[in-house]
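Colleague: A structural model of the following input is requested.
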Amino acid sequence: MKYWAAAQTKAASAASNPSRALGLLAGAQIAIGAAAIFARFALTAAGPLSVSALRLGIAAVPVVALAALRGRYARFDPATERRLGFAGVALAVHFGTWIASLQHASVAVSTLLVCSTPVFTEAWSVARTRRARPLVLASLALALAGVTIVAGTPSRSETPLGIALALCGAAAMAVYLILVRASDQRYSTLAVVGRTYPIAALALGCAAVLARDGFPGVHASGAWTGILAMALVSQLFGHTAINAAVRVLSATFVAMTVLLEPIVAAVAAAIVFGEHPAPFTALGALLVFVAIALALPLSVEGVSA
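Modeller: Numbers count the residues shown, from 1 in each chain. Modelled structure (predicted):
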């Protein structure tokens with residue numbers, strides 16, 4: 001608990017400064033990029049809904065405990081509470097659909113599609129403000145071209161269901177980021193995740209029970225290792241860091257950095273599962289980095305993209 005408290009405090013402090021938030025965001029994407037690998041191990045003895053529920057449930061325990069100790073539930077703004085309630089449901093949809101997509105698509109392609117989140121956040125920004133930002137649109141196109149190269153041409157193992165589930169996960173994450181970005185700034189990062197994580201875990205747990213989605217057995221060590229790694233590394237550090245960063249940086253920029261995840265996932269999948277990335281991976285990675293660099297001047301804009 002002391003370690004998590006110190007880490008959370010450091011994350012909140014870093015995200016209060018744009019330059020520090022950028023560094024925090026980079027580390028978060030590495031942690032989250034490894035989630036697909038952890039999920040593959042978890043799915044060896046459990047269903048996608050139960051894996052998602054356990055991931056969020058385990059991560060929620062220290063978050064809720066620390067939030068209660070620090071009085072983060074004392075503030076109550078009805079509009080913000082409703083917004084964060086919907087955000088928790090969106091987070092549940094994101095994890096449930098994306099982890100399910102890994103059963104119907106390769107790690108690289110599934111992660112590529114679920115990382116199309118910035119397309120949805122920018123579409124919302126354009127619809128809301130009725131103005132397009134040419135530099136953002138250009139960087140989005142460049143980044144998507146890069147991750148497409150990284151993922152390569154989908155194999156016959158990719159199915160329409162896998163593609164649809166991954167895209168649904170991307171749209172759900174866009175909704176989550178937009179709702180969190182628009183929440184009352186007096187709610188700290190800990191106050192936000194102290195609400196959204198348990199709500200998402202509860203929603204996924206109920207869905208798993210209703211769908212009779214199998215939970216892993218006590219002796220399924222591989223599955224539990226994957227679940228714990230997702231909860232402690234990808235969720236507690238990775239997603240909490242993103243929640244902190246999106247309070248300072250624009251939602252579209254934060255979503256764009258998520259495009260680094262397919263690179264991490266593709267390389268890791270090649271090492272662990274032998275899913276070799278396309279030969280032009282380096283070129284694709286370079287395009288993503290250039291795209292993010294182009295978007296840097298817009299990263300701290302006051303637009304709730």
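
Colleague: helix or strand for the nearest residue to residue 239 once chain neighbours are set aside, which one?
Modeller: Once flanking residues are discounted, residue 239 sits nearest to residue 32: 6.8 Å by CB to CB, 6 or more residues apart in numbering. All C-beta spots, glycine's among them, are computed from the backbone N, C-alpha and C. Per DSSP states H and E: residue 32 is located in helix 18-33.

Colleague: Alpha carbons only: can I get that helix in PDB?
Modeller: What follows is helix 18-33, C-alpha atoms only, in PDB (Å, rounded to 0.1, in the frame of the first residue of the first chain):
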ATOM      1  CA  PRO A  18       3.000  19.000 -19.100                       C
ATOM      2  CA  SER A  19       6.700  18.000 -19.700                       C
ATOM      3  CA  ARG A  20       6.600  15.500 -16.800                       C
ATOM      4  CA  ALA A  21       3.200  14.200 -18.000                       C
ATOM      5  CA  LEU A  22       4.800  13.400 -21.400                       C
ATOM      6  CA  GLY A  23       7.400  11.300 -19.800                       C
ATOM      7  CA  LEU A  24       4.900   9.600 -17.600                       C
ATOM      8  CA  LEU A  25       2.800   8.900 -20.700                       C
ATOM      9  CA  ALA A  26       5.700   7.300 -22.500                       C
ATOM     10  CA  GLY A  27       6.300   4.800 -19.600                       C
ATOM     11  CA  ALA A  28       2.500   4.100 -19.400                       C
ATOM     12  CA  GLN A  29       2.400   3.100 -23.100                       C
ATOM     13  CA  ILE A  30       5.100   0.500 -22.600                       C
ATOM     14  CA  ALA A  31       3.300  -1.000 -19.700                       C
ATOM     15  CA  ILE A  32       0.000  -1.000 -21.500                       C
ATOM     16  CA  GLY A  33       1.500  -2.300 -24.700                       C
END
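
Colleague: and that helix, average pLDDT?
Modeller: Helix 18-33 carries an average pLDDT of 80.

Colleague: again with stretch 262-281
Modeller: Per-region confidence: stretch 262-281 scores 74 on mean pLDDT.

Colleague: Stretch 61-73 too?
Modeller: For stretch 61-73, the per-residue pLDDT averages 94.

Colleague: Okay, buried residues for it please.
Modeller: The neighbour-count check on stretch 61-73 (16 or more other CB atoms under 10 Å) flags 61, 62, 63, 64, 66, 67, 70, 72 as buried.

Colleague: circling back: quick check: the residue nearest to residue 239 vs residue 206, distance?
Modeller: 25 Å (CB to CB, to the nearest Å).

Colleague: more crowded one of those two?
Modeller: The neighbour count for residue 32 versus residue 206, taken as other CB atoms under 10 Å, is higher for residue 32 (26 against 13).

Colleague: Send me the host helix or strand of residue 149 as PDB with only the CA atoms.
Modeller: In this structure, residue 149 is located in helix 134-151 according to DSSP H and E. Output of helix 134-151 as PDB, limited to C-alpha atoms (Å, rounded to 0.1, in the frame of the first residue of the first chain):
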ATOM      1  CA  PRO A 134      -5.300  20.300 -40.100                       C
ATOM      2  CA  LEU A 135      -2.100  19.500 -38.100                       C
ATOM      3  CA  VAL A 136      -4.000  17.000 -35.900                       C
ATOM      4  CA  LEU A 137      -5.700  15.400 -39.000                       C
ATOM      5  CA  ALA A 138      -2.300  15.100 -40.700                       C
ATOM      6  CA  SER A 139      -0.600  13.600 -37.700                       C
ATOM      7  CA  LEU A 140      -3.400  11.100 -37.300                       C
ATOM      8  CA  ALA A 141      -3.200  10.000 -40.900                       C
ATOM      9  CA  LEU A 142       0.600   9.600 -40.500                       C
ATOM     10  CA  ALA A 143       0.300   7.700 -37.300                       C
ATOM     11  CA  LEU A 144      -2.400   5.300 -38.600                       C
ATOM     12  CA  ALA A 145      -0.200   4.700 -41.700                       C
ATOM     13  CA  GLY A 146       2.600   3.800 -39.300                       C
ATOM     14  CA  VAL A 147       0.700   1.400 -37.200                       C
ATOM     15  CA  THR A 148      -0.800  -0.200 -40.300                       C
ATOM     16  CA  ILE A 149       2.800  -0.900 -41.500                       C
ATOM     17  CA  VAL A 150       3.700  -2.300 -38.100                       C
ATOM     18  CA  ALA A 151       0.800  -4.700 -38.100                       C
END
